[in-house]
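*Asks:* give me a 3D structure for the following:
(one chain, ligands or ions: 1)
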Amino acid sequence: MTATALTAVSEQKCFGGTMGVYSHASTSTGGTMRFSVFRPQGEGPFPVLTWLAGLTCTEETFMIKAGAQRFAAREGLMLVAPDTSPRGHDVPGEAESWDFGVGAGFYLDATEEPWARHWRMESYVTQELPALVEASFPADMSRQGISGHSMGGHGALTLALRHKERWRSVSAFAPISAPTQCPWGEKAFSGYLGQDRSRWAEHDACELLRSRGPLPCEILVDQGTADQFLERELKPGLLEEAAREVGQRLTLRRQEGYDHSYWFIQTFIEHHIAHHAQAMRG
Ligand SMILES: N[C@@H](CCC(=O)N[C@@H](CSC=O)C(=O)NCC(=O)O)C(=O)O
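*Replies:* So this is what the prediction gives:
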């Protein structure tokens with residue numbers, strides 16, 4: 001590690017490489033942020049897959065539960081997982097519910113008070129974190145992919161569509177496909193972005209596909225058919241519809257009997273790592 005701005009919270013050997021958790025003072029969110037990195041064995045530079053986790057998760061959830069390191073080590077892929085929101089700011093209402101506030105940053109920059117100062121996860125994930133990773137690890141930032149789960153799947157899709165030049169590969173597990181049309185999204189967007197729905201559309205994957213057009217890469221999505229949030233919150237059919245309309249290449253696999261948990265993610269993460277690794281080689 002070379003960057004002095006980072007504090008290593010922990011570093012341990014894992015599949016021949018290093019599994020680390022780091023903290024730093026964030027200019028985007030105005031407080032201390034944590035993220036985790038799996039660095040494969042060797043000199044690098046390694047392509048980077050950023051993982052965005054879902055509601056209630058932290059920077060550690062994916063690294064602990066998905067079992068991705070075995071496959072990332074094999075493919076020579078670095079994994080980076082940020083926290084899901086700022087923490088420790090004592091913003092009124094930040095801990096009143098599990099789907100808003102702490103652990104629920106929705107990967108956008110809030111414009112409404114009292115969130116606008118700290119809840120700036122889009123700036124954090126697309127600008128500050130990549131710069132920090134580039135300065136501190138043997139990362140090849142010309143080869144980046146993005147993936148995530150649920151709220152993080154929404155983040156992966158929308159950030160890829162809003163920053164098309166950055167990501168070479170995109171995938172998601174059980175993403176919130178159309179947040180302007182589900183309770184989680186309506187609650188988050190009205191709180192963070194206000195009542196003007198035209199601003200919500202800028203953070204909705206289906207709306208972004210229609211307004212900005214398809215990504216050059218194929219999107220891989222896995223969705224469990226026994227997911228408890230499928231009908232009310234996730235609505236993958238709307239993503240299929242939007243993708244079809246604009247000619248977006250999308251492989252959406254409905255996985256029979258799987259729910260919303262990290263057991264589902266653990267089952268199919270190998271395919272997603274391979275999907276990203278192949279795009280990085282291309
Ligand atoms: N606490 C909630 C359940 C929260 C939950 O299921 N979180 C998901 C992401 S949901 C969408 O973003 C998650 O990934 N949880 C972490 C895990 O380890 O499973 C409730 O009480 O229902």
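*Asks:* the helix or strand where residue 157 lies: how far from the chain's middle?
*Replies:* Assigned by DSSP states H and E, residue 157 belongs to helix 151-162. Chain-centre distance of helix 151-162: 6 Å, with C-alpha atoms, centre = their mean, to the nearest Å.
*Asks:* and that helix, what does it pack onto?
*Replies:* Counting contacts by 3 or more C-beta pairs under 8 Å, 6 or more residues apart in numbering; DSSP states H and E, helix 151-162 is packed against strand 46-52, helix 121-123, strand 139-148, strand 169-173, helix 205-212, strand 219-224. C-beta coordinates here come from the backbone N, C-alpha and C atoms, glycine included.
*Asks:* try 6 Å this time
*Replies:* Here helix 151-162 touches strand 46-52, strand 139-148, strand 169-173, helix 205-212, going by 3 or more C-beta pairs under 6 Å, 6 or more residues apart in numbering; DSSP states H and E.
*Asks:* where exactly do the helices run in the stretch 151-282 of the chain?
*Replies:* Applying DSSP state H, counting those that start in this stretch to the stretch 151-282 of the chain gives helices spanning 151-162, 183-193, 197-200, 205-212, 236-246, 262-281.
*Asks:* show the average pLDDT along the helix holding residue 157.
*Replies:* For helix 151-162, the mean per-residue pLDDT is 99.
*Asks:* same check on stretch 265-281?
*Replies:* Rounded mean pLDDT across stretch 265-281 is 98.
*Asks:* end-to-end on stretch 223-239?
*Replies:* Using C-alpha to C-alpha, to the nearest Å, the end-to-end distance of stretch 223-239 comes to 12 Å.
*Asks:* who touches it?
*Replies:* By C-beta atoms under 6 Å, 6 or more residues apart in numbering, the surrounding residues in contact with stretch 223-239 are 174, 176-178, 182, 184, 206, 252, 254-260, 264.
*Asks:* please pick the buried ones from those.
*Replies:* 174, 176-178, 182, 184, 206, 252, 255, 258, 260, 264 (16 or more other C-beta atoms under 10 Å).
*Asks:* interface residues of this structure facing the ligand?
*Replies:* Within the chain, the positions adjacent to the ligand are 54-57, 61, 65, 98, 149-151, 260-262 by C-beta under 6 Å from any ligand atom.
*Asks:* using PDB, write out every CA atom in stretch 94-109.
*Replies:* Output of stretch 94-109 as PDB, limited to C-alpha atoms (Å, rounded to 0.1, in the frame of the first residue of the first chain):
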ATOM      1  CA  GLU A  94     -30.900   8.100   9.500                       C
ATOM      2  CA  ALA A  95     -31.600   5.000  11.600                       C
ATOM      3  CA  GLU A  96     -35.300   4.900  11.800                       C
ATOM      4  CA  SER A  97     -35.800   2.200   9.100                       C
ATOM      5  CA  TRP A  98     -33.600  -0.400   7.400                       C
ATOM      6  CA  ASP A  99     -34.500   0.700   3.900                       C
ATOM      7  CA  PHE A 100     -33.600   4.400   4.200                       C
ATOM      8  CA  GLY A 101     -30.700   6.400   5.600                       C
ATOM      9  CA  VAL A 102     -27.800   4.300   7.100                       C
ATOM     10  CA  GLY A 103     -27.100   1.200   5.000                       C
ATOM     11  CA  ALA A 104     -29.400   2.600   2.200                       C
ATOM     12  CA  GLY A 105     -27.400   5.100   0.200                       C
ATOM     13  CA  PHE A 106     -29.000   4.100  -3.200                       C
ATOM     14  CA  TYR A 107     -25.700   5.100  -5.000                       C
ATOM     15  CA  LEU A 108     -26.900   8.600  -5.800                       C
ATOM     16  CA  ASP A 109     -26.000  12.100  -4.600                       C
END
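*Asks:* many thanks, we can stop here.
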